[in-house]
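A.B. asks: Give me a model of this one.
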Amino acid sequence: MRLVPPGAMDWSLTGERRPTRRGLLGGLGALTVGTALTGYVSGTATGTQSIRTLATGTAHETTLFVNDSGLPGLTAFVLGGVHGDEEAGYLAAANVTRWQPDAGTLLVLPRANRPAIEAGTRTGPDGDLNRQFPLRQEPETALAREIWDVVEEFEPDLVIDLHESRGLYPDGGLGQSLGFSPGGDLRNAAAVALDDSNATIDGTTQFEPRALPSPNEYPRGVLVQRTAFERDIPSYIVETWEDLNLNARVRYQTALARRLLDLRQATFEAPEPRRTLKVVGSGPTTRFAFDVSGTVYPTDTLEDSDSVFESRVEGQVSTLGDAYQYTGRVESFDVTYGSVDDITVYVDGVEKTVDELRPDTESRLDISGSGTETDYQLTVREPSTGTENLGDVDWVFGDRAYGTVVSDTDTYHYRRDVERFAVTDGDADDIDLSVDGEATSVEELDETPTHEMHILGTGPAVRFQFATSGTVEATDTLESSDQVYDSAVEGQVSTQDDYYRFTGDVLSFEIIEGHARDIVVMVDGVEQSLADLNSDAVHELRIAGQGPTVRFETEVDGLTYPTATLEDSDAVGVSRIEGQVSIAADRYLFTGDITSFTVTYGSADDLAVFVDGTERSLAELNAIGDRTLRVAGTGPTTRFTFTTDETVAATDTLESSDQVYDQSVAGQVSTRDDTYRFEGDIVSFTVTQGSAEDIRLYVDGSEVSVADLNPDWVHDLRAAGTGPEVQFTVETSGATYPTATLEDTDAVADSRIEGQVSIADDRYLFTGAVDRFEVTQGTADEIEVYVDGERRSPGELSG
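C.D. replies: Predicted structure coming up:
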């Protein structure tokens, strides 16, 4: 987008990147973002410019330019001439008055301190204007009050103050520096803006980034200090060195203002990152509901029993899990049926108690110093409800606090949770933290922040992919070669950079094409190696297709995560994956161990499975016990089902006609054999099509009969639907077992069954006796119940 308005001076700073870019970035010590961004201002934009006079009728009378696009968007406030002898600042601000934003409003006060400008002095008749904005107090002069009124009226999204200094930074002055307020986005934009500007500046006078002084530091009463800390407005102060040529200084200031507006617009437009909430069941049916302050997005893990509204979820789990994505924060979480002890909840991969998601009482955070001065920054999700022991060096602004401890203890009371805690000066090892009396750490307090990843290209093209445990959001730095999925990315850099925002942790980072030496990866401003980004606790599962379509399912005893290889035919749940391959390969990440891998369509011969780069057979992946059942076909097609009292797993002998569940199997043989591995004992074997005489059965190598696999102490319960939907609950005096007839609406655990039928039938196995059979939805007249083939009424079973 064209950014130089018609009639303005040519202040372009474009040019070839210096070959020492990696060294420059290391010197910046900050994360940067790429340069291919949508501009905030263009020469073709249309809108209106109005003029407002501040300090009317006084010696301080000056003009505020309000350039309004007429469209919603960013409101920015640019000032120059706060100090009258800083000529480049007010000349550059005069250039900015001619810019018209594409969207939003641009406020420009080019000659803030008119008497000082006319006298050519730093200060005016009322003293130093940039020391007249004390925190939480009335501005000290009439002019300062009028400028602050502009801030309060327009509530800008960005403030840029243009200044100059007699000395170079950091050698005693502030010249050639760019000060930025707290927050990763501001640090990022400062770094990339300086990267662009420094490309054509001599090494001895290149710009350096610096953090604005905290509320506890001198000088105080600075305008951008108040906008940044009290109002939480992203704020910059640009400082050029007065010894440089005036034209160059004006050029630098104008260009930096332009670049910061562009970069802030890109960040401002970035969507709020999504977080992931997973509810994992341990067996019994548990229903739950939760509300968020933003929006909830469903995933492929949900079933008919789960309902997602705009900001509310009503869900149900038993043996599997549900995953949701959401923006904002969790406002409430309630278990509406069952026990809270039967579910585990994760937010961005971090286990949370239900109480943590719905705190009904205040929490107390104690920050204790150990003798060394340490500065910190605290942000909570809701405004702090009270404090204790704070001194003159501690500042609280609603949900944000900036403080210092030495040997004392600062105490904050709050609801919900801590959103961010950072040590801004000093060492985290010099403070002790506790929440409600329990010791914690900086990392635990700041466990689910939004992180920033910046991938810097140094020339050659490099393709990469990475995956996170949370969600990833794109920014305007990306190009058509970059693809962002919910929690994963496949991208490419060469001379330009990619910038991403994400929640959770980086699980893996892989170079697809090119060399790792040709990129720099930075997370939250710290350079990372590939080893740093690939945790030993996270494993890779790769399924390579050989041509024909093959569908598969796998489960782990930890958590599963998608990567950028996923397609519409693939679904990743909490600890379960359902996928499909043909020619290409699917790649997934997981923690823990694989507990089962089943081919549900096609042949196992048409795929290859790799775990952490090592090929594994299905038998190895289904390492469930040492017991085996072989069903040998003699020719005619025979269909069968069987159930175990523990677990069963597939082997490489199975075909698409064979279905393996946790404890049960529905299979088919004719001329070939099926072999299964299992733990425990087989409690039922039934031929459902064909004749038992056409198969032979072998358990652990020894031939057995169908009768041998149907012990008389195991009973059969069949619930037959007659059309209407009927839900029911069964309790027995012994154990209950599922069969291959079950669907997602049915749950079996310990001595309890919860099921649903309409047209089809459900079949269960149990030991002991039926103690209770209760119809919980529908009527008993709409269901037929059989025990060991004999019809029984629900009332009779409950008697």
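
A.B. asks: In terms of helix, strand or coil, where does the residue in the chain sticking out farthest from the centre fall?
C.D. replies: In the chain, the residue that sits farthest from the middle, by CA atoms, centre = their mean, is E693; the gap is 57.2 Å. Taken by DSSP: H, G, I helix; E, B strand; the rest coil, the conformation at E693 corresponds to helix.

A.B. asks: measure it to P711 for me?
C.D. replies: Computed as CB to CB, to the nearest Å, the E693 to P711 distance reads 21 Å. C-betas here are computed from N, CA, C, even on glycine.

A.B. asks: repeat for E362
C.D. replies: Applying CB to CB, one obtains 58 Å for the distance of E362 from P711.

A.B. asks: likewise T458?
C.D. replies: Taking CB to CB, one finds T458 at 70 Å from P711.

A.B. asks: again, but for P284
C.D. replies: The spacing between P284 and P711, counted by CB to CB, is 26 Å.

A.B. asks: So which of the two has more stuff around it?
C.D. replies: A count of neighbours by other CB atoms under 10 Å puts P284 above the other of P284 and P711, at 20 against 12.

A.B. asks: and that one, what is it in contact with?
C.D. replies: With contact set as CB atoms under 8 Å, 6 or more residues apart in numbering, P284 has these partners: 318, 338-339, 342, 747, 749-750, 752.

A.B. asks: And S177, by the same measure?
C.D. replies: With CB under 8 Å, 6+ apart as the criterion, the residues that contact S177 are 165, 169-170, 207-210, 239.

A.B. asks: nearest residue to it other than its sequence neighbours?
C.D. replies: For S177, ignoring the flanking residues on the chain, the nearest one in space by CB to CB, 6 or more residues apart in numbering is Y169 at 3.8 Å.

A.B. asks: residues contacting that neighbour?
C.D. replies: Y169 makes contact with 175-177, 208, 210, 239 under the criterion CB under 8 Å, 6+ apart.

A.B. asks: at 10 Å what do you get?
C.D. replies: Applying CB atoms under 10 Å, 6 or more residues apart in numbering to Y169 gives the contacts 175-179, 207-210, 239, 241.

A.B. asks: Between all of the residues you listed, which two are separated the most?
C.D. replies: Set against one another by CB to CB, those have their most distant pair in P209 and W241, with a gap of 15.4 Å.

A.B. asks: And the pLDDT for the closest residue to D486 other than its chain neighbours?
C.D. replies: Excluding its sequence neighbours, the residue lying closest to D486 (CB to CB, 6+ apart) is T471, at 5.7 Å. The predicted structure scores T471 at 80 on the pLDDT scale.

A.B. asks: Tell me the secondary structure at R226.
C.D. replies: Using three-state DSSP, the secondary structure recorded for R226 is helix.

A.B. asks: Isn't it up against E140?
C.D. replies: No - look at R226 against E140 with CB atoms under 10 Å: they stay out of range, at 11.7 Å.

A.B. asks: ok so, going back, quick one: residues contacting the residue farthest from the centre of the chain.
C.D. replies: Contacts for E693 were tallied using CB under 10 Å, 6+ apart; they are 634, 636, 638, 687, 706.

A.B. asks: just curious, which of those is nearest to I117?
C.D. replies: Distance to I117 across the contacts of E693 (CB to CB) is lowest for T638, with 97.1 Å.

A.B. asks: List the contacts of the nearest residue to the closest one once chain neighbours are set aside.
C.D. replies: Counting by CB to CB, 6+ apart, T638 lies nearest to G690, which is 3.6 Å off, once chain neighbours are set aside. Applying CB under 10 Å, 6+ apart, one finds that G690 lies in contact with 633, 636-640, 668-670.

A.B. asks: Direction included, what does the helix or strand where A422 lies pair up with?
C.D. replies: Element membership for A422, per DSSP states H and E: strand 418-425. Based on DSSP bridges, the strands next to strand 418-425 in the sheet, each with its direction, are strand 374-380 (antiparallel).

A.B. asks: Just the buried ones from the contacts of S177?
C.D. replies: Neighbour-count burial (16 or more other CB atoms under 10 Å) applied to the contacts of S177 gives 165, 169, 207-210, 239.

A.B. asks: and the longest helix for this structure?
C.D. replies: Secondary structure assigned by DSSP state H gives helix 246-269 as the longest helix of the chain.

A.B. asks: Going by contacts, tell me the helices and strands next to that helix.
C.D. replies: In this structure, helix 246-269 makes packing contacts with strand 75-79, helix 87-96, strand 158-165, strand 177-180, helix 184-198, strand 235-241, strand 498-502, judged by 3 or more CB pairs under 10 Å, 6 or more residues apart in numbering; DSSP states H and E.

A.B. asks: Mind doing that once more with 7 Å?
C.D. replies: Contacting helix 246-269 under the criterion 3 or more CB pairs under 7 Å, 6 or more residues apart in numbering; DSSP states H and E are the following elements: helix 87-96, strand 158-165, helix 184-198, strand 235-241.
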